[in-house]
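Q: Show me the folded form of this:
(one chain, ligands or ions: 1)
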Amino acid sequence: MEKGFNPFAMAQAQFDAVAAKLGLEPGVREFLRWPQREYHFTIPVHMDDGSVRVFRGFRVQHSDVRGPCKGGIRFHPQETADTVRALATWMTWKCSVVDIPLGGGKGGVICDPHEISMREQEAICRGWVRQVWRNVGPVQDVPAPDVMTSGQHMIWMLDEYEHLTGGKYPGFITGKPLGVGGSLGRTEATGYGVVYTVREALKRMGIDIKSTTMAMQGFGNVAQYAAELFTRYGGKVLCMSCWDQKDQVSYTYRKMDGIDLGFIRGITDRFGTVDGRKAVEAGYEKLPGEAWIETEADILMPGALENQVNAETVKKMSSRVKILAEGANGPTTPEADEFLKARKIFVIPDFLCNAGGVTCSYFEQVQNNMNYYWEKDEVLAKLDTKMTNAFHAVADLAEKRGEYMRDAAYMIAIERVATAAKLRGIV
Ligand code: GLU
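A: Predicted coordinates:
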């Protein structure tokens, strides 16, 4: 992570600017700019080699005024309390902008899943739940997968929760595997949701998606499914950048006439890292990590971590770029926003663009509550409707008021949360 970059300071700065624009009362502002609660704890684990390692875990509950807190759990070596605070805050705006009855939360563990076995990861998952189970749950705070966590981690956590509570509570956590309370479409949901918003943005611009190209940063769950749907719609993915654990740097793998998605997926590991040797053998260019942002593409899709489009990298963007679709959370810094505004790039802000995941998590909870499971087409059709409606509500406001897309999305999201807090009589 860039030195001096603090995602929570960035989340608060974004909030403050829009709160001022909306003329929010000082008490309401103060309430919404901080998490309501947070938990910091240790997770001791017996490692495979017989030693004991103590991991640090977090759960931050930013807001529960519109419903139970909701948000993923990340496993990342550079996790910090402020990163989790920022991500929890963005979850509040995310659930609000797509108008689902949930608040915002986020969790994390400082660890590197590349270097710990699945048994050790299971112990971390169970330890995490043992620390916070009284303060999370279907009607309080509902976790989900995020960076380097998957359905497998979710079901271990659910199992631990059900041991502790003595009941069956599938709505405790979302992103579960199929057959144990998971929803069809959940794995695809975030990436597909990104592409639904891109499709609608292109329609508004009068551009045929079949004539467009996309450059991606990251090749994990979000990027892979975004690439799948974008390709199915007739667009071309030109490159993706990904982390190389061995070399401890990122590389971009590029093919200017379009990647072969099936092939690239076949040589990608579970962390979203492409096998560089095989890619080069197949004729892909192997370039420095930042080359994705310099690629001449119509659409840029950061799909991994924060702070990728910053004051430095944004200047390298090609003049062809028309849309920045933020699949990742917090990929763009406020300095880069100024540049994007000046360049008139159409930005689909993170908490709108990548809201497909949590929207499908909400559908998963609804199905858990009914104990009745929908067909995949039904899930994806509902997801498309939610994302499309939310996108146009934001784009209409941005157009009508001449606002930047990020600010328009914030205006809608913050207004709804502020109204709920006022109606409850909290502020
Ligand atoms: N981790 C995803 C996100 O950042 C999904 C959260 C959820 O499903 O609760 O939106």
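Q: got any ranges where this structure has weak pLDDT?
A: 1-3 (pLDDT under 70).
Q: Sticking with residue 158, tell me its helix or strand.
A: Using DSSP states H and E, residue 158 sits within helix 151-165.
Q: Can you mark which positions in the helix or strand following that helix are buried?
A: Going down the chain from helix 151-165, the next helix or strand is helix 186-205, by DSSP H and E. Buried residues in helix 186-205, counted by 16 or more other C-beta atoms under 10 Å: 186-202. In short, each C-beta sits where N, CA and C put it, glycine included.
Q: Could you list every helix and strand in contact with helix 186-205?
A: Judged by 3 or more C-beta pairs under 8 Å, 6 or more residues apart in numbering; DSSP states H and E, the packing partners of helix 186-205 are helix 221-232, strand 299-302, strand 323-325, strand 346-348, helix 350-353, helix 356-370, helix 376-401.
Q: Nearest to the ligand: which residue in the stretch 201-350 of the chain?
A: Closest approach between the stretch 201-350 of the chain and the ligand, counting by C-beta to the nearest ligand atom: residue 329, at 5.4 Å.
Q: cool, the stretch 301-427 of the chain as well?
A: For the stretch 301-427 of the chain, C-beta to the nearest ligand atom, closest residue to the ligand: residue 361, 3.3 Å.
Q: Surely that residue and residue 70 touch.
A: Yes. Counting by C-beta atoms under 8 Å, residue 361 touches residue 70, with 6.8 Å between them.
Q: OK, contacts around residue 347?
A: 323, 324, 326, 332, 337, 340, 404, 405, 406 (C-beta atoms under 8 Å, 6 or more residues apart in numbering).
Q: neighbours around the first one, how many?
A: The burial count assigned to residue 323 is 22, neighbours taken as other C-beta atoms under 10 Å.
Q: where does residue 406 land in three-state SS?
A: helix (DSSP: H, G, I helix; E, B strand; the rest coil).
Q: quick one: contacts for it?
A: Here residue 406 is in contact with 14, 337, 347, 349 (criterion: C-beta under 8 Å, 6+ apart).
Q: try 6 Å this time
A: 347, 349 (C-beta atoms under 6 Å, 6 or more residues apart in numbering).
Q: Residue 70 contacts residue 142, doesn't it?
A: Yes. With contact defined as C-beta atoms under 6 Å, residue 70 reaches residue 142; the gap is 5.1 Å.
Q: who's more crowded, these two?
A: residue 70 (30 against 25).
Q: hang on, the more buried one in a strand?
A: Yes. Remark: residue 70 belongs to a strand, assigned using three-state DSSP.
Q: what's the distance between it and residue 295?
A: 34 Å (C-beta to C-beta, to the nearest Å).
Q: hang on, the residue of the stretch 301-427 of the chain closest to the ligand packs against residue 144?
A: Yes. Counting by C-beta under 6 Å, residue 361 does reach residue 144; the two are 5.1 Å apart.
Q: Find residues that contact each of these two.
A: In contact with both residue 361 and residue 144: residue 174, using C-beta under 6 Å, 6+ apart.
Q: Give me the more crowded residue out of these two.
A: residue 361 (28 against 24).
Q: Near the ligand, which residues of the chain are found?
A: Residues of the chain found near the ligand (C-beta under 6 Å from any ligand atom) are 70-72, 94, 144, 146, 174-175, 329, 354, 357-358, 361.
Q: For the ligand, what's the nearest residue on the stretch 51-200 of the chain?
A: Closest to the ligand within the stretch 51-200 of the chain is residue 72: 2.8 Å, counting by C-beta to the nearest ligand atom.
Q: List the residues that contact that residue.
A: By C-beta under 6 Å, 6+ apart, the residues touching residue 72 are 144, 145, 146.
Q: Kindly report the same for residue 325.
A: Neighbours of residue 325 in contact, by C-beta under 6 Å, 6+ apart: 194, 198, 299, 301, 348, 353.
Q: what two of the residues you listed have the greatest distance between them?
A: 299 and 353 (11.2 Å; C-beta to C-beta).
Q: Neighbour count for these two, which is higher?
A: Comparing residue 299 with residue 353 by neighbour count (other C-beta under 10 Å), the higher total belongs to residue 353, at 35 against 29.
Q: Helix, strand, or coil at the residue nearest to residue 156 when sequence neighbours are not counted?
A: Excluding the flanking residues, the one nearest residue 156 by C-beta to C-beta, 6 or more residues apart in numbering is residue 125, at 4.1 Å. Per three-state DSSP, the secondary structure class of residue 125 is helix.
Q: same question, the one 10 residues further on
A: In the three-state summary, residue 135 is assigned as coil, counting by three-state DSSP.
Q: Chain neighbours aside, what residue packs nearest to it?
A: residue 39 (6.4 Å).
Q: How many residues are close by the one you found?
A: 15.
Q: ok, now residue 421?
A: 18.
Q: Identify the residues contacting residue 170.
A: Applying C-beta under 6 Å, 6+ apart, the residues contacting residue 170 are 181, 368.
Q: What's the separation between it and residue 103?
A: 20 Å.
Q: Kindly report the same for residue 161.
A: Residue 161 is 19 Å from residue 103, by C-beta to C-beta.
Q: So between these two, which is more surrounded?
A: Neighbour comparison, residue 161 and residue 103: the larger count goes to residue 103, with 26 against 22 (by other C-beta under 10 Å).
Q: Now the helix holding residue 158: buried residues?
A: Neighbour count says helix 151-165 has 151, 152, 153, 154, 155, 156, 157, 158, 160, 161, 162 buried, by 16+ other C-beta under 10 Å.
Q: same question, stretch 385-404
A: Buried residues in stretch 385-404 (16+ other C-beta under 10 Å): 386-388, 390-395, 397-398, 403-404.
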